[in-house]
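# Turn this into a model:
(chains A and B)
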Amino acid sequence: MAEEKDAADSLVSDLQKRITEAFEVFDHESNKTVDVREIGTIIRSLGCCPTEGELHDMLAEVEEEEPTGYIRFEKFSPMMTKVLLERRYRPISEDILLRAFEVLDEKKKGFLTKDELVKYMTEEGEPFTQEEMEEMISASVDPDKNIVPYKEYAAMMVVEDY
Amino acid sequence: MASDVLSRTPPAMLASPQPLQSPPGSVGRPLKLSPMKMLPSIDSMKMLEPGRKKLTSIETQRVVAVLDETIKKLELVSLFQHAIENLDRYSVVFGSVLTGALREHMRLQDNMQRHLQRVKSGEDESSFQQETLNMAARAQVHLEALRQGVESSVRNTLRLFLTNPTACQALRSEGNVRDQASQTLIHFLSELRAFLFEMLLTSPLEKNERMRYLQEITLRDHKNRGVLLALEEELNAAVLDRDNEIAKKNEIIRQLKINLHQLETFSENQVKRTVQEAENQQKSDCRASEGKIAKLQQELQQLRSQLNATIAENREIELSLRKKKYKVETEIENWIQKYDSDMGEKQAELEELDGMYVEEKAQLAELQEKLAVLEVEYVQIMEERRQAQLRKEEEEKELANMNRAATIIQAHWKGYRVRQSMKSKKKKKKKGKGAGGKGKKSKK
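Down below sits the predicted model:
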């Protein structure tokens, strides 16, 4: 029991350390606050892959009653610890990701054309901004054939270290 | 019952006598044997008789003759008194000599009598005087003389009688007037004569034999007496036995009678008691039944009155109902009449309506034909619509799927990108932190 508890305690302290580290990256003024828009980056940097909707929910939880545009560490830290302990918003495995691509690949040809990718990413789900879209195209589209070989791409996207 | 018991006992009595009868049988056997013994007794009688019938020796003949003579003379002498008393009657037969002798004898006899009387009285009056002693001696001498006189007189008279056989005959014919003593004497003398005669007939040898035979007979007699005694004892025992038996049987009979009596009294009592009980029961039952009858009668009366009341009531009700019924019947008749008229009207109406109905039916058929055509069209349209709906749903589902897939990809892309940038930032961090952060911010 004691060992377990010790192990749990050490796990919690370890997590809090990592959260603090991630938080401090964006605490530009070093007053234990970060911009609201940075929170998503912090959460993702901690290995979570929430959707924009889920992120919005989390933000609602940690935001002050009167929105100031900043999030305090005291609020953020317990919420994030809980999320990590409960292992919510964990990244999914490669084949599930692959299957998501296959859904979009209606004709099962094994790849997506650039137009298809743009169409789905900007029209479906939580549409990308133009900026985000361009970034994704630059990273994923084969410039020669003008297609997305999503099998390779999925493997690349899977979180390696968690 | 009693007679039954009495009639039943005798067979038991008859059954037991069997052993009782046997002792008389044993007693009777010697009686049956008696004829056999009679033969020897006849022989013995012969044996006892003298061997000869006549006296053989002269001496014996004489002895017997003397005895005979003596008896004859004694007979005569014993009749002297009678002859003296009736001397007048016999005087003719006796003759004067004999009469005189008899008178003399009478006188002597009287003298002797007187003398004997005197001696007797003298002895009575004065036995202690000297004189009397002398007188007695004198009388004794006198008496002796008198006795001799009488003796001689008797001899004399006897002699006279023997010479006069007619007188002898006459006196003897009166043989039955002798006095008792002389009669006895004559009897014994004749017996003595017979005995003597017999003795003289038998010889000493024969006598011995006879004695022996007599002894034998006596012995046998003795033995027979013994047997007889034993048999008598046996008989007595048997009789006793039988008496005992009878006593026992009587006792049994008595007891049975007592039992019977007890039984009778007991049964009588029981019968009496039972009768009494039955009577009591009957009485009580009678009383109870009388009470019940009375009660039932009362009840009956009550029920009858009730019934009468009910009948009267029901009569009234019936009357009223009858009235009502009559009223209702008339009403019904009215109603029927009304109904008939109504029905006539209704029938006319119905026929009218029927006509209309047929007309409308034809119209309906026409319309239905049209409707069938329209229905087919309607079904086609509905099918198309349904399919369109399905397609739409599918499309929506696909869209949702795509949305989810896109969302996942987008989310992961973002995560990937952040991590990439973080990696590069970390690399940059080695050079300068602020530049990485700024770059990233600008991107966003």
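# tell me the contacts of the spatially most central residue of chain A?
Closest to where the C-alpha atoms of chain A average out (CA atoms, centre = their mean) is residue A:49, at 3.2 Å. Taking CB atoms under 8 Å, 6 or more residues apart in numbering or on different chains, we find residue A:49 in contact with A:89, A:90, A:91, A:92, A:159, B:411, B:412, B:414, B:415. The C-beta positions use only the backbone N, C-alpha and C, and glycine is treated the same way.
# my read is the first one is in a helix, agree?
No. Assignment of residue A:89 by DSSP: H, G, I helix; E, B strand; the rest coil gives coil, placing it outside any helix.
# Identify the residues contacting it.
Residue A:89 touches A:43, A:48, A:49, A:50, A:54, A:83, counting by CB under 8 Å, 6+ apart.
# tell me which element the first one falls in.
Secondary structure assigned from DSSP states H and E places residue A:43 in helix A:39-45.
# What are the buried residues along the next helix-or-strand element following that helix?
Note on helix A:39-45: by DSSP H and E, the next helix or strand toward the C-terminus is helix A:52-62. Across helix A:52-62, burial judged by 16 or more other CB atoms under 10 Å in any protein chain shown covers A:54, A:55, A:58, A:59, A:62.
# Name the nearest of the residues you listed relative to residue A:133.
residue A:55 (18.8 Å; CB to CB).
# The closest one against residue A:43, yeah?
Yes. Using CB atoms under 8 Å, residue A:55 is in contact with residue A:43, at 6.9 Å.
# Wasn't residue A:71 part of a strand?
Yes. Using three-state DSSP, the assignment for residue A:71 is a strand.
# isn't it right next to residue A:32, touching?
No. Counting by CB under 8 Å, residue A:32 is not a contact partner of residue A:71; they are 9.7 Å apart.
# more neighbours, those two?
Between residue A:71 and residue A:32, counted using other CB atoms under 10 Å in any protein chain shown, residue A:71 has the larger neighbour count: 24 against 16.
# For chain B, see how far away the more buried one is.
Residue A:71 sits at a distance of 15 Å from chain B (criterion: CB to the nearest CB, to the nearest Å).
# mind listing what that residue touches?
Counting by CB under 8 Å, 6+ apart, residue A:71 makes contact with A:33, A:34, A:35, A:36, A:39, A:59, A:62, A:63.
# Select from those residues the one having the most neighbours.
With neighbours set by other CB under 10 Å, the maximum within these is found at residue A:34, which has 23 neighbours.
# ok, residue A:65 to residue A:75 distance?
11 Å (CB to CB, to the nearest Å).
# neighbour-wise, which of the two wins?
residue A:75 (14 against 5).
# Looks like that one contacts residue A:62 (just checking).
Yes. The criterion here is CB under 8 Å, and residue A:75 meets it with residue A:62 at 4.5 Å.
# follow-up on the earlier one: which members of the contacts of residue A:89 define the maximum pairwise distance?
A:49 and A:83 (11.9 Å).
# Could you list the domains of chain A?
A:2-85, A:94-157 (automatic domain parsing).
# Using pLDDT, spot the least trustworthy of the contacts of residue A:49.
Lowest-confidence member of those: residue A:159, scoring 61 (pLDDT).
# on that earlier part again, would you turn the contacts of residue A:89 into JSON lines with pLDDT?
Listed next are the contacts of residue A:89 as JSON lines, based on pLDDT from 0 to 100:
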{"residue": "A:43", "pLDDT": "86"}
{"residue": "A:48", "pLDDT": "83"}
{"residue": "A:49", "pLDDT": "83"}
{"residue": "A:50", "pLDDT": "85"}
{"residue": "A:54", "pLDDT": "86"}
{"residue": "A:83", "pLDDT": "86"}
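# Out of these, flag the one nearest to chain B.
residue A:49 (4.1 Å; CB to the nearest CB).
# Roughly how far does residue B:166 sit from residue B:178?
Going from residue B:166 to residue B:178 by CB to CB gives 20 Å.
# higher neighbour count, these two?
The residue with more neighbours, out of residue B:166 and residue B:178, is residue B:178; 19 against 10, by other CB under 10 Å.
# So what's the residue count around the closest residue to that one other than its chain neighbours?
The spatial neighbour of residue B:178 that comes closest, neighbours along the chain excluded (CB to CB, 6 or more residues apart in numbering or on different chains), is residue B:78 at 4.7 Å. Residue B:78 is flanked by 18 other residues according to other CB under 10 Å.
# give me phi/psi at residue B:78?
Residue B:78 adopts backbone torsions of phi -60, psi -20, taken as degrees, to the nearest 10.
# give the contact list for it.
Residue B:78 neighbours (CB under 8 Å, 6+ apart): B:178, B:179, B:182, B:183, B:185, B:186.
# Could I have the buried ones of those as PyMOL selection syntax?
Restricted to buried positions by 16+ other CB under 10 Å, the PyMOL selection for the contacts of residue B:78 reads:
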select buried, chain B and resi 178+182+186
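# what does chain A put close to chain B?
A:25-26, A:28, A:37-38, A:40-41, A:44-45, A:48-52, A:91-92, A:96-97, A:99-101, A:103-104, A:120-121, A:124-126, A:128, A:131-132, A:135-136, A:139, A:156-159 (CB under 8 Å from any CB of the partner chain).
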